[in-house]
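Participant: Give the three-dimensional model of this entry:
(2 chains)
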Amino acid sequence: MILYLLRRLFLLAFVFIALSILAFSLGYLFPGNTLQNFTGLTDISAELATQLTAEYRLDSGYIQQYIAYLQRIFSGDWGLSFASKQPLLQEIKILLPATLELAAYALLVSFFVGIPLGIIAAIKPEGIISRIISALAIAGYSIPVFWWALLLIMLFSLGLGWLPTAGRIGVLYEIPHVTGFMLADILLANSQHQAEALLNALRHMLLPTVVLATFPTTVMIRFTRDSMLDVWEQSYIKTARAKGLNRVQVLYRHALRNALLPVIRQIGLQFSTLITLAMITEVIFSWPGIGRWLIDSIYQRNYPAIQAGLLVISTLVISVNMLTEILHTLFNPLARKR
Amino acid sequence: MARFRLLPDEQQARSPLLLLWREFARQHSAMSGLVLFMLFFLLAVLSPLLTPHDPYLQNDTLLLIAPSWSEQGLVQYPFGTDDLGRDMFSRMLIGARYTFGIALITVIGALLIGLLLGVLAGMSKGVKSSIFNHVLDLALTIPSLLLAIIIVAILGPGLLNTLWAIMLALLPQFVHSIRNAIAEQLNQDYVTAYRLDGASNWQVLTRLILPNIWERLTVTATMALSTAILDIAALGFLGLGAQAPTAEWGAIIADSLDLIYVAPVGVALPGLLIFTAVLSVNLVGDGLRNAMKKRREN
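Facilitator: So this is what the prediction gives:
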């Protein structure tokens, strides 16, 4: 197990080095001035340019430049945004929790809805309930996320007027930024309108969460169902049944534990798709997260922001990937042997 | 008096492909998916011949005509016209070329490159194959939309540039699945037997491995195709992919968004088409997977 962890860590280091090389090379690949792309300053005077060139080691070879880039990344100097002239790291610190919050709720929904539905669909694979669940799952799997979001907005926000269309919370409420997670911040804020603010935030959250959760939920349903059907035919299930355990006992003690193991891994594999969908969802619901910020950056040709966004989002996805894989190995002795 | 029979069962005397088809045709959902898929495919190939009007012709006497099922509609314009007087029906038809056709081309391209890389990774051993995997893991972690944003930032927006981004995003899953399939095949006894007969790597690959893995490849390709359609439409919607006059379905939705109260058809219809296209691909993929599983069980 320790050897396995060491190998994973080595791989992690390798991937991060490759990622940072990619991010570094973008400074050259993006159109425009390399110095501007690295610093984020658009208006550089001649003497400042020479000073910065020396500081960023742009006059020496690529390897020195890359080392200087790494030092800047680790010391927290990520450059400025072209659009707002603010330090990128500060902006990302404010934006990232919003995306994480949305993605986390969507994942939670996908667990609590997707896994039970998948189990129900696996109990009688040819039954009518199972067929309905499978049909819903394949429909949810095929629907384009932006269109689905528009349909729900049309129905619930514009048609029925039940839910707001944009933002994280109504403009009337002033919530200080502490953790960046809206619900936690409201609970920490300790104002007299806490209950109203909480309700308002939940109403804002409902539609984006439903839209974003659609894809992972359907993936969970399909995956849990296939995995359960697979496990249900194994001989240890037959043995357990022959020993006299009833269906519920077999399901809980033997089938579920084995069937849900690969699900952990599936989270890691689906996480990058989830982030892509979160970016689109954020654009439609004007959710102030990192995805909307990145897509705005491309319209504004804000190259330093794209570079920083690549670094942050990929690091996030890699970490989640690695974590789920290690968890999977930890829980599954069979995978540890290899 | 029983006759001598070489094979115990008539069923097993048929070719594997025919067996697969029999299992596939037994599923209604898969068959309807296949019909829809063929329809979209024909549309993507033939749509320039089928359009009743020029999809790019702006006609300022016929702006925002309602669809023909409403009182104000015209029979010549089944889905009405948009705010520039272009025929919606023709635009929908031609859109199949962009969203569906280009997705198909992307997947075929990714499949071919993936086959090459996957075979290289699968047939090599040790450090070389390990490096392949690690580079792939990196590529797998960058979300496809982020990859598209980076490529658009470097090359500028456009359908062709996002095509590269989607191809790049699809590539890792092809290489992974091909590599795993080859590794599985290489462990089989018949491969060892063939090698003992003196077969070279190339012969093992072309005579044994490829015929054995192409069905799994098809399933991977259908999954990739549904991702590709969704990605092309999403990028078109965000304005990073197909640009304004192009009748790509996602771009049409983005165009019609500000007219959603006046002409909801412009948003509803292209979305429905994207949904149907992806659904047909997924139904075929699922049907294929089920059929393969059932054939193995028999």
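Participant: which residues of the chain score low on pLDDT?
Facilitator: Using chain A here. For chain A, the stretches with pLDDT under 70 are A:335-338.
Participant: my bad, the chain I had in mind was chain B
Facilitator: Residue ranges of chain B with pLDDT under 70: B:1-13, B:126, B:128-130, B:132-135, B:137-140.
Participant: how does it look with 80?
Facilitator: Within chain B, the stretches with pLDDT under 80 are B:1-14, B:51-66, B:68, B:70-78, B:80-83, B:85, B:122-142, B:241-244, B:262-263, B:297-298.
Participant: Closest to the centroid, which residue in it?
Facilitator: For chain B, the residue nearest the mean C-alpha position is B:L225 (2.0 Å; Cα atoms, centre = their mean).
Participant: Now name the helix or strand holding that residue.
Facilitator: Secondary-structure assignment from DSSP states H and E places B:L225 in helix B:210-238.
Participant: what's the helix or strand just after that helix packed up against?
Facilitator: Following helix B:210-238 in sequence order, the next helix or strand is helix B:249-256 (DSSP H and E). On a contact count with 3 or more Cβ pairs under 8 Å, 6 or more residues apart in numbering or on different chains; DSSP states H and E, helix B:249-256 meets helix A:145-152, helix B:88-95, helix B:210-238, helix B:265-297. Yep, even glycine has a C-beta here, placed from its N, CA and C like the rest.
Participant: From the contact counts, what lies against the third one?
Facilitator: Using 3+ Cβ pairs under 8 Å, 6+ apart as the contact definition, the elements that helix B:210-238 packs against are helix A:145-152, helix A:256-285, helix B:102-123, helix B:144-155, helix B:159-186, helix B:249-256, helix B:265-297.
Participant: returning to that earlier point: what's the distance between the helix holding B:L225 and the middle of its chain?
Facilitator: Averaging C-alpha positions (Cα atoms, centre = their mean, to the nearest Å) puts helix B:210-238 4 Å from its chain's average.
Participant: before we move on, the earlier item: could I get the helices and strands packed on helix B:210-238 in JSON lines, plus columns for distance to A:L212 and mean neighbour count?
Facilitator: Output for the helices and strands packed on helix B:210-238, formatted as JSON lines (distance: least, Cβ to Cβ, whole Å; neighbours: other Cβ atoms under 10 Å in any protein chain shown):
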{"stretch": "helix A:145-152", "distance to A:L212": "8", "mean neighbour count": "22"}
{"stretch": "helix A:256-285", "distance to A:L212": "5", "mean neighbour count": "22"}
{"stretch": "helix B:102-123", "distance to A:L212": "23", "mean neighbour count": "20"}
{"stretch": "helix B:144-155", "distance to A:L212": "13", "mean neighbour count": "23"}
{"stretch": "helix B:159-186", "distance to A:L212": "19", "mean neighbour count": "21"}
{"stretch": "helix B:249-256", "distance to A:L212": "18", "mean neighbour count": "26"}
{"stretch": "helix B:265-297", "distance to A:L212": "17", "mean neighbour count": "21"}
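Participant: would TSV of those helices with distance to A:Q300 be doable?
Facilitator: Output for the helices and strands packed on helix B:210-238, formatted as TSV (distance: least, Cβ to Cβ, whole Å):
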stretch	distance to A:Q300
helix A:145-152	21
helix A:256-285	14
helix B:102-123	27
helix B:144-155	11
helix B:159-186	18
helix B:249-256	18
helix B:265-297	26
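Participant: Quick check: buried residues in the lengthiest helix in chain A?
Facilitator: The longest helix of chain A (DSSP state H) is helix A:194-232. Of the residues in helix A:194-232, those buried under the neighbour-count criterion (16 or more other Cβ atoms under 10 Å in any protein chain shown) are A:197-198, A:200-201, A:204-229, A:231-232.
Participant: Contacts (any at all) between chain B and it?
Facilitator: No - Helix A:194-232 is not in contact with chain B by Cβ under 8 Å from any Cβ of the partner chain; minimum separation 8.7 Å.
Participant: Many thanks, I have nothing further to ask.
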